[in-house]
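Chemist: Give me a 3D structure for the following:
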Amino acid sequence: MKAIAYHHAGSINRDDALLDLELPMPEPGPHDLRVKVAAVSVNPVDTKIRNSRQPQAGQAEILGWDAVGVVDALGKSVTGFAIGDRVWYAGAINRPGSNAQFQLVDARIASHAPQELDDAQAAALPLTSITAWEILFSRFGIGEGGGAGQTLLITGAAGGVGSILIQLARTLTRLTVVATTSRPESSDWVKSLGAHHVINHHEPFVPQLQAAGIANVQLAASLTHTAQHFDQLIDSLAPQGKLALIDDFATLDIMKMKAKSLSLHWELMFTRSLFQTSDMAEQGRLLARVAELADASKLRSTVNANFGTINAANLRRAHALLESGQSRGKIVLSGF
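Modeler: Sure, this is the predicted structure:
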C-alpha cells in the first residue's frame, strides 16, 4: 500500500522529512476495523511527533490522526460495523497513523461518518471534536444545556480545537464564549463560528474582558502558548475557576493558582486508547453524536484549506504551515 512516513525524526526542512513509500498491508486484530482511507487532516501532534519520535531502525513512522474512509475488513470481535461502512476517527497515537491507503483502528474509538459532510469536510473534525468535547463535558463538567451565567475563555481559538470548541459551547451549552486571536482574519473566523466576544491575546486580558462587560471568567481553555498567557489566564479566572490545557511547555508555576483555588485540567484525547480505559468506547459514542449534530447542520466543518492529494509533498506543505503558527481551522488532504 502507499504510505507517507519518515525514517528519521527532525525538521520539516529535511529532504527526507516525509517520504512516499510502499509498505505492507496491515492485518486487523480482534477489535480492529481496516479502513481504506479517503481523506485526512493534519494536526499539531503530527508535527510534534515528526520532530521528536525516532522510529526503530529500519522502520517507518506513519503520522496522521484524523481520517475518513470505508471499512474493508473487520476483526473477529467487532460489532456495530460492516464492510463498506463509511467511518471517521482520530485513532491512537501509539499505532500507525492515517497517512496511508489502509489503516487499522480500534472500532471502539470510531463511528459512522456524518452523511451530510463530504470526506474532506468530515476529516477535519474527529481529533478536535474529541478534544473539545472532553474539555467541555468531561474536564469542566458542564452538562448539556448548562453553563448559564458562566463565561468560557478560549485562547488560540482560531485553531482546530478552538474552532470546534466554540461551536460545541454555543450549540450545546448556555455559556458565554470569549475567543482570543491576534489577526483580523482570525477574529472574523471565530466570530463566524459563534464567539460572543473576541479579544487580542497580545494585549492584557482583564481590561479587554471588562470592556466587554465581563468581570472574570469561570472557565478557560488554553489551547496554545500557555506559558506565554499563564499569568493573564490566572488574572482573568474567577476564584474557584477551572483551567484546561492541551499544549506543551517547559514549566509552569502552578503556585500562582493557589490563592484563587483554581483547578488545573489536562486534556489528551489519546489517553483512553493509550491505557485501554474501561470507558474507551465513549470516544466512539461522542463521535457518533458529533456526526448527528453535523448532519442536523448544528455543527459545521472547520476546514480552511485543502492541500489536495495525500502525498509527501503536500503533507510537507501542511506541516510547514502548521509550524508557522499562521493557520486557522483545519488543513485537509484527499485521496491517493
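Chemist: so which strand or helix has Ser98?
Modeler: Assigned by DSSP states H and E, Ser98 falls within no helix or strand.
Chemist: now the strands: where do they sit in the stretch 201-336 of the chain?
Modeler: 217-222, 237-245, 263-266, 303-306, 330-334 (DSSP state E, counting those that start in this stretch).
Chemist: Can you tell me which helices and strands the longest one packs against?
Modeler: In this structure, strand 237-245 makes packing contacts with strand 217-222, helix 226-236, strand 263-266, judged by 3 or more Cβ pairs under 8 Å, 6 or more residues apart in numbering; DSSP states H and E. (Glycine included, C-beta is placed from N, CA and C.)
Chemist: Ok, the last one next?
Modeler: Counting contacts by 3+ Cβ pairs under 8 Å, 6+ apart, strand 330-334 packs against strand 32-42, helix 119-123, strand 303-306, helix 312-324.
Chemist: before we move on, the earlier item: now mean pLDDT too, for the strands of the stretch 201-336 of the chain, in TSV please.
Modeler: Below are the strands of the stretch 201-336 of the chain laid out as TSV (pLDDT from 0 to 100):
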stretch	mean pLDDT
strand 217-222	98
strand 237-245	98
strand 263-266	98
strand 303-306	92
strand 330-334	96
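Chemist: who wins for proximity to Leu19 among these?
Modeler: Comparing the strands of the stretch 201-336 of the chain against Leu19 with Cβ to Cβ, the closest turns out to be strand 330-334 (15.7 Å).
Chemist: thought Ile109 was touching Tyr89?
Modeler: Yes: using Cβ atoms under 8 Å, Ile109 is in contact with Tyr89, at 5.9 Å.
Chemist: joint contacts of the two?
Modeler: Listed as contacting both Ile109 and Tyr89 by Cβ atoms under 8 Å, 6 or more residues apart in numbering are 284, 287.
Chemist: mind putting the helices and strands packed on strand 237-245 in JSON lines, mean neighbour count included?
Modeler: Below are the helices and strands packed on strand 237-245 laid out as JSON lines (neighbours: other Cβ atoms under 10 Å):
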{"stretch": "strand 217-222", "mean neighbour count": "25"}
{"stretch": "helix 226-236", "mean neighbour count": "18"}
{"stretch": "strand 263-266", "mean neighbour count": "13"}
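Chemist: Which one of the ones you listed lies nearest to Leu287?
Modeler: Between Leu287 and these, the shortest gap by Cβ to Cβ is with strand 217-222, which sits at 19.8 Å.
Chemist: mean pLDDT lowest for which of the helices and strands packed on strand 330-334?
Modeler: When those are compared by mean pLDDT, strand 303-306 comes last with a mean of 92.
Chemist: buried set for it?
Modeler: 303-306 (16 or more other Cβ atoms under 10 Å).
Chemist: sorry, back to before: ok, which of the helices and strands packed on strand 330-334 comes nearest Pro207?
Modeler: That would be, of the helices and strands packed on strand 330-334 and by Cβ to Cβ, helix 312-324, which comes in at 29.3 Å.
Chemist: The closest one - contacts with which helices or strands?
Modeler: Identification of packing neighbours for helix 312-324 by 3+ Cβ pairs under 8 Å, 6+ apart yields strand 32-42, helix 44-52, strand 330-334.
Chemist: Run through who's touching it.
Modeler: For helix 312-324, contacts defined as Cβ under 8 Å, 6+ apart pick out 4, 12, 17-20, 42-44, 46-47, 50, 63, 99, 305, 307-308, 327, 331, 333.
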